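J.: Quick one: sequence plus predicted model below, questions after.
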Amino acid sequence: MIKFEQVSKTYPGGHAALKNLSFKIDKGEMIFLAGHSGAGKSTILKLIAGITKPSEGVVRLNQHVLGDLSDNHLGFLRQHIGIVFQDHKILFDRDVLANVMLPLVISGAYSKKDALKRARVAIDKVGLAGKETAMPVTLSGGEQQRLCIARAVVNQPTLLIADEPSANLDRAYALDIMELFSSFHKAGTTVVVAAHDETLMADYGHRILRLQQGRLI
Ligand code: ADP
Ligand code: ADP
């Protein structure tokens, strides 16, 4: 589903964030990206989502070469990717339901009734049923992360990517969040999770791509 061919990424200013990476992620696979802060995990996720382009090499998503696509085409592909960002991007002036509905409203492809129904299903899947009308500020850190995950999966994406989804959470909550990603994987979604804490990945037996200073080790 995802193929990196000799990919390097140098940010403006000359910082080499990724150096000559090649790897594949199969459809239906769950995979972890591990490495210290600054190793290049977020950059890989941004390349997969087409948010940033490689400086060298090719990133393929389902045969498409991402660098060759128009913004329109990329936008279309991105509707099939659920993204859990590191910085949450929660809208704090809207309740849980409105936050989760947002991607559906933006896509314009759903009636209000349909969007509501889908949002409720996603909220239920992440264990936030009953919190639909809660304002995000009243949620715990773990619940806020669940809200982000509900919003990422509300479109029923074929690919789910998450950047440090368990950062800032106590260990038990962090493990719950990993368990939640595992449940989406079991339901058939391809899942890529970046985290610096490898002990959270130990129990699953999934592949771990380990990064060190922009290289795959
Ligand atoms: P990680 O997610 O593993 O913490 P990142 O992919 O965020 O790593 O960053 C990899 C390297 O690239 C770091 O040294 C970081 O400072 C640098 N970097 C990330 N984004 C930018 C940017 N927009 N401009 C310049 N350097 C960046
Ligand atoms: P900045 O750090 O410059 O404020 P952001 O972190 O808001 O930028 O966004 C980084 C990139 O991610 C941008 O190219 C933006 O268009 C893209 N982006 C933001 N939100 C989403 C989303 N929900 N889905 C896909 N791409 C997004």
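T.: Sure, I can see it. Ligands and ions are numbered 1, 2, ... in the order given.
J.: Skipping its backbone neighbours, what lies nearest the most centrally placed residue in the chain in space?
T.: For the chain, the residue whose C-alpha lies nearest the mean C-alpha position (C-alpha atoms, centre = their mean) is residue 161; its distance is 2.2 Å. Spatially, and ignoring its direct neighbours in sequence, residue 161 is nearest to residue 192 (4.6 Å; C-beta to C-beta, 6 or more residues apart in numbering). Just so you know, the C-beta spots here come from the backbone N, C-alpha and C atoms, and that holds for glycine as well.
J.: Where does the prediction get shaky in this structure?
T.: Nowhere does the chain drop to pLDDT under 70.
J.: quick one on the thing from earlier: after the host helix or strand of the residue nearest to residue 161, which helix or strand is next?
T.: Of the helices and strands defined by DSSP states H and E, residue 192 is found in strand 190-195. Once the chain leaves strand 190-195, the next helix or strand it forms, by DSSP H and E, is strand 207-212.
J.: Give me the sheet partners of the helix or strand just after that next one and which way each runs.
T.: The C-terminal neighbour of strand 207-212 among helices and strands, as given by DSSP H and E, is strand 215-216. Within its sheet, strand 215-216 is paired with strand 207-212 (antiparallel), according to DSSP bridges.
J.: Burial check on residue 101, number of neighbours?
T.: Per other C-beta atoms under 10 Å, the neighbour tally for residue 101 reads 24.
J.: Pull the contacting residues for it.
T.: The neighbours of residue 101, taking C-beta atoms under 8 Å, 6 or more residues apart in numbering as the test, are 115, 116, 119, 154.
J.: try 10 Å this time
T.: If you count contacts by C-beta atoms under 10 Å, 6 or more residues apart in numbering, residue 101 has them with 94-95, 110, 112, 115-116, 118-120, 122-123, 150-151, 154.
J.: How about the residues of the protein by ligand 1?
T.: Of all the residues in the chain, those in contact range of ligand 1 (C-beta under 6 Å from any ligand atom) are 11, 13, 15, 17, 35, 37, 38, 39, 40, 41, 42, 43.
J.: Would you check how far apart the nearest residue to the first one once chain neighbours are set aside and ligand 2 are?
T.: Counting by C-beta to C-beta, 6+ apart, residue 11 lies nearest to residue 17, which is 5.8 Å off, once chain neighbours are set aside. Applying C-beta to the nearest ligand atom, to the nearest Å, one obtains 15 Å for the distance of residue 17 from ligand 2.
J.: ok, residue 8 - contacts?
T.: With C-beta under 10 Å, 6+ apart, residue 8 has these contacts: 16, 17, 18, 19, 20, 21, 54, 55, 56, 57, 214.
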